[in-house]
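S.K.: Output the structure for:
(one chain, ligands or ions: 4)
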Amino acid sequence: RAKALGGARTVVYKTWMDEEQRENDQLESDLAEAIRHRQLTMAYQPIFGLETGRIVACEALVRWNHPERGAISPALFVPLAEASGLIDGLTELTLDLATSSAAAWPDEILVAVNISPSQLKRGNFDRMLAKALARNGLPAQRLEIEITENLFVEEDEDLAKAIEALRALGVRFAIDDFGTGYSNIGYLSHMPIDKIKIDRKFLTGIHEDRRQAGLLRSFLGFVDSLDMAVVVEGVETHDQLSFLADCAPSSLIQGFLLSRPIPDAELATLWPKEVMMPWPAVDSRRVPA
Ligand code: C2E
Ligand code: MG
Ligand code: MG
Ligand code: MG
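M.R.: Ligands and ions are numbered 1, 2, ... in the order given. I've put the predicted structure just below:
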């Protein structure tokens, strides 16, 4: 009897696996099609100087609106592209879209693009990037590449060389999702990086848990001591903004409180003619120290 049950279970399990595999294959071929027909779009989320209220950069975030399934998160389809050989096409398309948008923005505003670690290590990336910049007439100095912290787990000569070569062209680098991986801090501290983006998980909970607040405070101090610019991601509330104004007024901030990611066409309404503060004057109320 046990054997019969086990057999049945195996069948159910197998059917389920086949089902999932089929869905995955379908999604993969839909993605290939969407890339080929340039059906992906970009949304842009502005990054502000906390003290100045000025937009210093916009992060380019890829969007896929699937004909049947609706919006699919890049957190789902970017890894799919990486695993299935579609990443070259995806990167090429997103670079083209982002550099073409940014070329029409005011000169002082950077475009930050997310590049998959696997892509950065492939030999064709520098050519791909140079092509996008040239085609859209965007100076390399206006482009910033965001790479995840996980890339810095161990020393990697090839990676360091790839970064150096791109920086020689004027491209800047930011470490994304800082604090979520297991990066080697010693190694990171001598990497040629311009900016660190502290993951939004450090902001959630600062008002409930004083250790969280302490952790964020010390991260901000650490980055400051490395002489790198810092972006705090995921600013959603005024309380969080006050906390940052209080302990790291020179940081850059990004989050739904200030602006959601929006289409390029809507960005133009945000370009400051004068300094503008999308938030009410920051008060200096202290959070528990
Ligand atoms: P990321 O680079 O850390 O991007 C920030 C994500 O946080 C975005 O999600 C953004 O919409 C979201 N976010 C921004 N402010 C807030 C906030 O205040 N609260 C909350 N809860 N979320 C906020 P999105 O667009 O879904 O992107 C997810 C991830 O997908 C990105 O994380 C990035 O790793 C990856 N990704 C997005 N676009 C691209 C791309 O063009 N190429 C590659 N390789 N990866 C991309
Ligand atoms: Mg990013
Ligand atoms: Mg991020
Ligand atoms: Mg993140």
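S.K.: Wait, Leu215 touches Thr204, no?
M.R.: No: look at Leu215 against Thr204 with CB atoms under 8 Å: they stay out of range, at 11.8 Å. Bear in mind the C-beta positions are built from the backbone N, C-alpha and C, glycine included.
S.K.: Quick check: neighbours shared by those two?
M.R.: Contact criterion CB atoms under 8 Å, 6 or more residues apart in numbering; residues shared by Leu215 and Thr204: none found.
S.K.: residue boundaries of the strands in the stretch 1-150 of the chain?
M.R.: Counting by DSSP state E, counting those that start in this stretch, the stretch 1-150 of the chain has strands at residues 41-49, 55-66, 70-72, 110-114, 143-148.
S.K.: Which one, of these, ends up nearest to ligand 3?
M.R.: Closest of those to ligand 3 is strand 143-148, at 6.6 Å (criterion: CB to the ion).
S.K.: Tabulate the strands of the stretch 1-150 of the chain in a markdown table, adding columns for distance to ligand 2 and mean pLDDT.
M.R.: What follows is these, written out as a markdown table (distance: least, CB to the ion, whole Å; pLDDT from 0 to 100):
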| stretch | distance to ligand 2 | mean pLDDT |
| --- | --- | --- |
| strand 41-49 | 9 | 96 |
| strand 55-66 | 6 | 97 |
| strand 70-72 | 18 | 97 |
| strand 110-114 | 4 | 98 |
| strand 143-148 | 4 | 95 |
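S.K.: how many other residues sit next to Leu80?
M.R.: Burial of Leu80 is recorded as 17 neighbouring residues (other CB atoms under 10 Å).
S.K.: just checking, it touches Leu31?
M.R.: Yes: the pair Leu80 / Leu31 is scored as a contact, 6.3 Å apart, by CB under 8 Å.
S.K.: Under a three-state scheme, what state does Ala162 occupy?
M.R.: Three-state call for Ala162 (DSSP: H, G, I helix; E, B strand; the rest coil): helix.
S.K.: count of neighbours near it?
M.R.: If you count neighbours by other CB under 10 Å, Ala162 ends up with 17.
S.K.: Run through the residues that contact it.
M.R.: Counting by CB under 8 Å, 6+ apart, Ala162 touches Leu120, Lys121, Phe125, Asp126.
S.K.: The first one and ligand 2, how far apart?
M.R.: Think Leu120. Leu120 sits 14 Å away from ligand 2, going by CB to the ion, to the nearest Å.
S.K.: And that residue, how far from Arg217?
M.R.: 31 Å (CB to CB, to the nearest Å).
S.K.: A strand includes Val230, no?
M.R.: Yes: assigned with three-state DSSP, Val230 falls within a strand.
S.K.: Okay, and the beta partners of it?
M.R.: Taking DSSP bridges, one obtains Ile196 as the residues bridged to Val230.
S.K.: any residues touching the helix-or-strand element of the chain with minimal mean pLDDT, and which ones?
M.R.: Across the helices and strands of the chain, mean pLDDT, DSSP states H and E gives its lowest value to helix 185-189, namely a mean of 74. When contacts are defined by CB under 8 Å, 6+ apart, helix 185-189 is touched by residues Glu149, Phe152, Glu154, Glu155, Ile175, Leu226.
S.K.: list the contacts for Glu236?
M.R.: Applying CB under 8 Å, 6+ apart, we find Glu236 in contact with Leu203, Gly255, Phe256, Leu257.
S.K.: List the buried residues for the helix or strand in which Leu159 is found?
M.R.: Per DSSP states H and E: Leu159 is located in helix 157-168. For helix 157-168, a neighbour-count test (16 or more other CB atoms under 10 Å) marks Leu159, Ala162, Ile163, Leu166, Arg167 as buried.
S.K.: Repeat that for stretch 110-117.
M.R.: Quick answer for stretch 110-117 (16+ other CB under 10 Å): Leu110, Val111, Ala112, Val113, Asn114, Ile115, Ser116.
S.K.: Stretch 204-220 now?
M.R.: By neighbour count on 16+ other CB under 10 Å, the buried set for stretch 204-220 is Ile206, His207, Gln212, Ala213, Leu216, Arg217, Phe219, Leu220.
S.K.: Show me which residues of the stretch 51-200 of the chain are close to ligand 1?
M.R.: Proximity of the stretch 51-200 of the chain to ligand 1 is confined to 61-62, 73-75, 78, 94, 114-116, 146, 176-177, 200 under the rule CB under 6 Å from any ligand atom.
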